[in-house]
Every structure is written in C-alpha cells, then in structure tokens.
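S.K.: no sequence on this one, just coordinates:
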C-alpha cells in the first residue's frame, strides 16, 4: 500500500456515515471529527510510547491507574478502569510483574483479596512516562493557542454533560 | 459492582495522568476530556446499535465503508479503513454474508481479486442504521446549541491540523 492510499483511508474516518442526501448533519460531522482526531492522537501516542519507552498503551493506562492508587487495585477493578478485558489485565500484570514494575500483594486491611501495586521502579518509570505524555500533547497541539485549548476543554465538557443527560437506560449496564 | 463504584471509575478517565504536582497541563486536560467524551459516546452508540439493530460497532463501521464503495472493497482495504484486524474482518464478512447483507464477488475490472460488497438488503439496512445514528447524535448533543456544535467542529479541526503537522515520522508506518 502506498501513502496516497493511506491518506485517503485516513481522511475517510470523517466520512464513514452519510445521510441519504450525502451530507451529514452537524452533530454527526462533529462526532466524526472528534473520533478521527482522537484516533489520530491515540495512534501517535501509541507510537511514541513504543519508540521511547518500549511500552504499549494498555500498559501505560494500567500503570496510570496504579500510580493513582498507592494502595493497589484488584485486577477486576483495574479492568473496569482501563477498559482492558479481565483476561488481558491478568496477562498485562504478569508481564509488568516479570519486568519488576508491578507486584501483587495481600493488603493488611483485607486479607481476602490480592491487589496489584506499582513497585518503586514502576512508579519511577510511570512518572517519566507521564511527563513525556504531557510534553507530547503540548507538542502535538503546538499550533492551537492556549485560549482555544481552554475553550475547547470547556465546550467539550458541555457536550459530555449533554451526552450524560441523554444516555439510554443505565450507563453502566 | 455497584453504580457508585462505576461512576467513580468512569470519572477517572479524565484523571489517568497527573504530572508530579498532581495538576495536568491544559493540553493534557483537553486530551483526557476528548478521550473520555469519545468513549462515552462510543459506548452509547454500541449499546443502541445492539439494542435497536442487533449489530456491533465493527459491523456498522464495515458496512459504512462498503456503503460508500459500491464497487466493493478487498478485505485488506476494509481492515485498514475500519481499524479492524485482518483476521477479524474475515470473520465479520463471513457473518454478514451468512445474514445476506454482504456478498463476495470477483469484479470484471480485475479478475484476480475478490471484493466484498453490500447486497441490496445490506444497503437498505445500513441506510436505516445511518439515519438512526444521525438521530442518536442529535439526541445525545441536544443540550449543545447549534452554533457551539459548528464552532467545535471548526476548532477541533485546528487541533487535528496541528497534530498532523507534528506527527513523528510517517503517520502510516
């Protein structure tokens, strides 16, 4: 496959849905643009994690959760927070454990459960990854002025609130 | 798991990364909000596709691509355009074929390849799904005024352009 083909395929992401008249409504256009932009950034972050840290995005997300919860998290909880399936979380934790970045412990407060925690080495690595992650996002959004970044944050918050108010049934069924 | 636990987990999506000081930079905050909003909408669309059409999001994406390309697409091309892996595309196409929604043909213009096309029943179903999809997005964004929807579309376009201008190496390596 050549680059032109791929440019076309990528541009397609904003065009996956057409109404019968061929013109998408404003909300659909916005949604497709949000989706394609999110995919573009996610792909780039995956690439940089791999190149600069030899890490995957699920590893990064999982370590981020453990970094926030110093007491550790059960694997089921980790799975819910990261949207990684239960089965995959186990494999990811085992891999991180064998790299010395995560350990599984039975906390004193509840002897019945096992939780995963970052090791000091894991916490140190994640802190470095988080700093890099922030720098990557500044770099990727370098051409967007700060006021617009703040306004987008606020306005997308309004979209999020609207979506939450219009979810069908339980959000978490 | 109870609802409160899940609300907490969901809110977490905007908090997965902290700088050492605990406060994320504006670009990171914007990114996490884009990500969490996109996930919220994607989850809701998945739910509605399942409930109202008994369909999955990959099926919908795949049919959307075929709807646009009346001449059909090779499975490898379908995979690239939908970000579904090659192996999964084959299974999806077989499933849609057995439902009478997709057919595989050898086009006259190139007898060496096989492409997947929507059947008339598949095209009819997808058109109905696309109309519903647009209505869902209007519904989900009902509390956001039209001017803000248009402005967000434009401003997120600027983010997208900035990201494209700052990708490391080839976007499609």
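M.R.: Received the coordinates, thanks. Everything numeric in this text was worked out from a predicted model, so none of it was measured. Residues are numbered from 1 along each chain as shown, chains lettered A, B, ... in the order given.

S.K.: going forward, measure contacts between C-alpha atoms and count neighbours the same way
M.R.: Noted.

S.K.: what about the residue sitting nearest the centre point of chain A, distance to chain B?
M.R.: In chain A, the centroid-proximal residue (Cα atoms, centre = their mean) is residue A:61; its distance is 6.2 Å. Distance of residue A:61 to chain B, given as Cα to the nearest Cα, to the nearest Å: 7 Å.

S.K.: give me the pLDDT for that residue.
M.R.: Residue A:61 carries a pLDDT value of 92.

S.K.: that one sits in which helix or strand?
M.R.: Following DSSP states H and E, one finds residue A:61 within helix A:57-68.

S.K.: show me what that helix is packed up against.
M.R.: Where contact means 3 or more Cα pairs under 8 Å, 6 or more residues apart in numbering or on different chains; DSSP states H and E, helix A:57-68 is packed against helix A:26-53, helix A:75-82, strand A:115-118, helix A:120-140.

S.K.: pLDDT below threshold where in chain A?
M.R.: A:1-23, A:170-173 (pLDDT under 70).

S.K.: returning to that earlier point: hang on, isn't the residue nearest to the centre of chain A packed against residue A:82?
M.R.: Yes: assessed by Cα atoms under 8 Å, residue A:61 is found in contact with residue A:82 at 6.2 Å.

S.K.: and the residue nearest to residue A:73 when sequence neighbours are not counted, how many neighbours does it have?
M.R.: Excluding its sequence neighbours, the residue lying closest to residue A:73 (Cα to Cα, 6 or more residues apart in numbering or on different chains) is residue A:115, at 4.9 Å. Residue A:115 has 18 neighbours, counted by other Cα atoms under 10 Å in any protein chain shown.

S.K.: try the one 4 residues further on
M.R.: For residue A:119, the number of neighbouring residues by other Cα under 10 Å comes to 19.

S.K.: give me the phi and psi for it.
M.R.: Backbone torsions for residue A:119, taken as degrees, to the nearest 10, come to phi -80, psi 170.

S.K.: before we move on, what about residue A:102?
M.R.: phi -130, psi 150.

S.K.: can you pull the contacts of it?
M.R.: A:93, A:96, A:116-119, A:122 (Cα atoms under 8 Å, 6 or more residues apart in numbering or on different chains).

S.K.: buried among those? Make that a PyMOL selection.
M.R.: Per 16 or more other Cα atoms under 10 Å in any protein chain shown, the buried members of those correspond to this PyMOL selection:
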select buried, chain A and resi 93+96+116+117+118+119+122
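
S.K.: and which of the contacts of residue A:102 is nearest to residue B:74?
M.R.: The closest of those to residue B:74 turns out to be residue A:93 (Cα to Cα; 37.5 Å).

S.K.: how far off centre is stretch A:74-93?
M.R.: Computed by Cα atoms, centre = their mean, to the nearest Å, the chain-centroid distance of stretch A:74-93 equals 14 Å.

S.K.: cool, stretch A:136-143 as well?
M.R.: That offset, for stretch A:136-143, works out to 17 Å (Cα atoms, centre = their mean).

S.K.: how about it: buried residues?
M.R.: So for stretch A:136-143, counting by 16+ other Cα under 10 Å, buried means A:136-143.
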